[in-house]
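Asks: how would this look folded up:
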Amino acid sequence: MQIEETVFFQESWRWSPFLKYALDKLEKYNCSEYFIPSKYSYKESTFGSKKNKHNVSLLTWAVYHHRIKLARAVCINSPNYSVLNFLIIPNQIYNFPFLGVDFVTLPKMHLLVLDFQPSLKIEKQFDKKLLERLLTLRSNCHRKIPIAEEFSSQLSSFFSPGLIWSKLPKEDSSDFLISTQLFSSFKSYLDLYLEVLFQSNPVEVNLEREIINGQNAYLQFRKDNDPARPMLRSLFGDEFCESLINNVLFTIK
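Replies: From the prediction side, this is the model:
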């Protein structure tokens with residue numbers, strides 16, 4: 001099924017403008033489609049009790065480039081959950097972080113994560129100019145969108161000082177912040193990420209090995225600790241959930 005034919009390209013899906021912007025931006029950088037097996041690329045299911053069934057749909061889309069190992073989006077639409085999980089994994093020959101996006105609407109709140117997520121220590125992967133630009137974007141966003149509580153020390157090593165992290169209640173004022181400030185910040189982060197990545201120079205072999213190890217550690221951590229697991233299990237069952245996480249979301253082939 002073509003992505004344009006799904007609910008994820010319709011205004012009724014909350015994160016549609018974000019997804020469309022990402023697809024359009026990556027197309028301008030001449031990225032090529034990455035094959036996703038049909039059982040993961042689009043799936044419809046039902047959840048809930050026999051007397052209270054709900055429909056849910058899932059879309060997985062991905063592209064690649066000689067500078068990008070994988071850029072993929074996982075989208076979920078249902079009455080209770082609306083999710084955009086977007087990740088860019090740079091080619092390991094470039095010393096550059098991941099771009100991580102988790103925008104999740106739950107029954108009572110929105111969880112919002114946007115960041116340049118490091119695969120090495122901050123001082124080895126972010127030069128001063130990039131960090132300054134990123135911190136300016138973060139500050140602009142959090143002037144209007146409140147900051148959530150700090151992550152645990154175990155989680156904090158996988159985030160940068162430019163992390164945007166918020167919890168918003170499900171109400172009209174949050175809808176406004178998402179469609180205005182968060183969308184603006186998302187575009188700025190993605191624009192900056194691609195601009196700098198596509199200007200980066202390849203690294204030497206020793207640093208490349210270190211980057212590979214760092215990327216693998218990040219991806220393994222995400223596999224083992226994916227907070228979406230309970231939601232995916234409840235919507236699609238244990239078998240599909242584990243297969244999606246281990247074979248698609250955090251694996252590079």
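Asks: Please, where are all the strands along the stretch 51-200 of the chain?
Replies: Remark: strands assigned in the stretch 51-200 of the chain by DSSP state E, counting those that start in this stretch are 54-65, 68-77, 82-90, 98-105, 109-117, 164-169.
Asks: Make a markdown table from those strands and add mean neighbour count to it.
Replies: No exception for glycine: its C-beta is placed from N, CA and C like everyone else's. Listed next are these as a markdown table, based on neighbours: other Cβ atoms under 10 Å:
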| stretch | mean neighbour count |
| --- | --- |
| strand 54-65 | 19 |
| strand 68-77 | 23 |
| strand 82-90 | 22 |
| strand 98-105 | 22 |
| strand 109-117 | 21 |
| strand 164-169 | 18 |
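Asks: Make CSV from the ones you listed and add mean pLDDT and distance to residue 32 to it.
Replies: Output for the strands of the stretch 51-200 of the chain, formatted as CSV (pLDDT from 0 to 100; distance: least, Cβ to Cβ, whole Å):
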stretch, mean pLDDT, distance to residue 32
strand 54-65, 94, 6
strand 68-77, 96, 10
strand 82-90, 97, 14
strand 98-105, 97, 18
strand 109-117, 97, 23
strand 164-169, 97, 29
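Asks: So for residue 238, which of those sits nearest?
Replies: Ranking the strands of the stretch 51-200 of the chain by proximity to residue 238 (Cβ to Cβ) places strand 54-65 first, at 15.2 Å.
Asks: gap between that closest one and the chain center?
Replies: 12 Å (Cα atoms, centre = their mean, to the nearest Å).
Asks: can you redo the strands of the stretch 51-200 of the chain as CSV with distance to residue 243?
Replies: Below are the strands of the stretch 51-200 of the chain laid out as CSV (distance: least, Cβ to Cβ, whole Å):
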stretch, distance to residue 243
strand 54-65, 12
strand 68-77, 13
strand 82-90, 16
strand 98-105, 20
strand 109-117, 24
strand 164-169, 29
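Asks: between those, which one is nearest to residue 123?
Replies: So among those, strand 109-117 is nearest, using Cβ to Cβ, at 13.9 Å.
Asks: one step back: for residue 216, find the nearest of the strands of the stretch 51-200 of the chain.
Replies: strand 82-90 (10.8 Å).
Asks: That closest one vs strand 98-105, what angle?
Replies: 180 degrees (axes from the mean of the first three to the mean of the last three Cα atoms, to 10 degrees).
Asks: Taking their axis directions, strand 82-90 and strand 109-117 sit at what angle?
Replies: On the basis of the same axes, to 10 degrees, strand 82-90 is oriented at 0 degrees to strand 109-117.
Asks: The nearest residue to residue 120 once chain neighbours are set aside: how many residues sit nearby?
Replies: Leaving aside its sequence neighbours, residue 120 sits nearest to residue 214 (Cβ to Cβ, 6 or more residues apart in numbering; 4.8 Å). Applying other Cβ atoms under 10 Å, we find 20 residues neighbouring residue 214.
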